[in-house]
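Peer 1: When you get a sec, could you give me coordinates for this:
(one chain, ligands or ions: 1)
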Amino acid sequence: MSHDATPNLDFAGTTPYEDYVQADVLTHLQHPLSDDPGEMVFLVTTQVMELWFTVIVHEWETATRALREDRVQVARDALKRSVRELEALNASWRPLAQLTPAQFNSYRSALGEGSGFQSAMYRRMEFLLGDKAASMLVPHRGAPRVYAELEKALHEPSLYDEVLRLLARRGLPVPEAVLERDLSQKYEPSPEIEKVWATVYGGQDVGEPDSELVLLGEALTDVGELVWRWRNDHLVATRRAMGSKTGTGGSAGVAWLEKRARKNVFPELWTARSHV
Ligand code: HEM
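Peer 2: I've put the predicted structure just below:
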């Protein structure tokens, strides 16, 4: 090809880029509900976050499947990709992080009862982390595809369930009650699992490289930390934008989010550290 070759301009139908990316669809999905010029970035940030949720769910489902098949390296690669993606997700708070109440008010009433609380993809993330609740399906009764996906996820083992099953196969004393638990219920932390993680983390000689299970534990800890950061960035942005008003979704607002943000993801991976 000659030095000054320019890109092709001539395509019979749509461009191959369009065929792959569907940019025309993607960039015409923005329908603000108010005349406020600041609403566009609120809407697009929300859409961007939905796309990151989708990628992250894909990575965690890949990791969950790989763990079931004892392919720990494949699982860890997927988790590590998700860590970079969570960093990008969290960075996308920037355009909304300093909204004033007056700025937010200029389009808030147009949102009606709309709230991120109704995000099905966020719920899929929480389910994969072990935070299951059948009640979270209720808002989606009118959307068959979304409902079916959430219902399937509710009854499947979470990422953390598969981690614990792997630890059991590796000979660690994971109680039968944990392995046989009702998967559609929220995972409840236990002292036995805390002890299992303390054993994993404490079980190597000085100077030895970290074991495969420690590396897996650390990838999960990175995930847990970044999810916790997303919740807290959301909380602070909300506190700045609306103080202690009630949420558009009908919750107590900041007070409700504070309670949600206080939870640790993969709790025993944090508490076990006191015993290593
Ligand atoms: C600064 C703008 C924002 C404010 C003031 C805000 C406010 C709130 C409030 C008050 C709630 C509690 C439920 C309710 O009553 O509505 C909530 C929940 C939620 N919001 Fe936002 N939000 C903002 C931006 C976003 C964005 C950009 C997303 C991205 C998708 C998002 C996703 C969520 C999710 C997933 C929940 C449910 C959290 C849970 O179930 O623990 N929010 N938001």
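Peer 1: Next secondary structure element downstream of the strand or helix carrying Arg123?
Peer 2: Assessed by DSSP states H and E, Arg123 sits inside helix 120-128. Using DSSP H and E, the helix or strand that follows helix 120-128 in sequence is helix 144-155.
Peer 1: And that following helix, what's buried?
Peer 2: 146-147, 149-150, 153-154 (16 or more other C-beta atoms under 10 Å). All C-beta atoms are positioned from the backbone trio N, CA, C, and that covers glycine.
Peer 1: Could I get those in a markdown table, plus columns for distance to the ligand and pLDDT?
Peer 2: Output for the buried residues of helix 144-155, formatted as a markdown table (distance: C-beta to the nearest ligand atom, whole Å; pLDDT from 0 to 100):
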| residue | distance to the ligand | pLDDT |
| --- | --- | --- |
| Val146 | 14 | 98 |
| Tyr147 | 17 | 98 |
| Glu149 | 16 | 98 |
| Leu150 | 13 | 98 |
| Ala153 | 15 | 98 |
| Leu154 | 15 | 98 |
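Peer 1: Relative to Leu128, which of those is nearest.
Peer 2: Of all those, Ala153 has the smallest distance to Leu128: 7.2 Å, by C-beta to C-beta.
Peer 1: what residues are up against the residue in the stretch 151-276 of the chain that the ligand sits nearest to?
Peer 2: The stretch 151-276 of the chain approaches the ligand most closely through Gly247 (2.0 Å), counting by C-beta to the nearest ligand atom. Applying C-beta atoms under 8 Å, 6 or more residues apart in numbering to Gly247 gives the contacts 115, 117, 253, 256.
Peer 1: Look at it and tell me its secondary structure.
Peer 2: coil (DSSP: H, G, I helix; E, B strand; the rest coil).
Peer 1: tell me which element Leu183 is part of?
Peer 2: Judged by DSSP H and E, Leu183 forms part of no helix or strand.
Peer 1: Tell me which residues touch it, please.
Peer 2: By C-beta under 8 Å, 6+ apart, the neighbours of Leu183 are 132, 154-158, 161.
Peer 1: same thing but 7 Å
Peer 2: 155-157, 161 (C-beta atoms under 7 Å, 6 or more residues apart in numbering).
Peer 1: Now list the buried members of the residues you listed.
Peer 2: 156-157, 161.
Peer 1: Show me the helices in this protein, by range?
Peer 2: Using DSSP state H, the helices of the chain run over 16-21, 23-26, 39-68, 72-91, 101-108, 120-128, 144-155, 159-169, 176-179, 191-202, 212-242, 254-262, 267-271.
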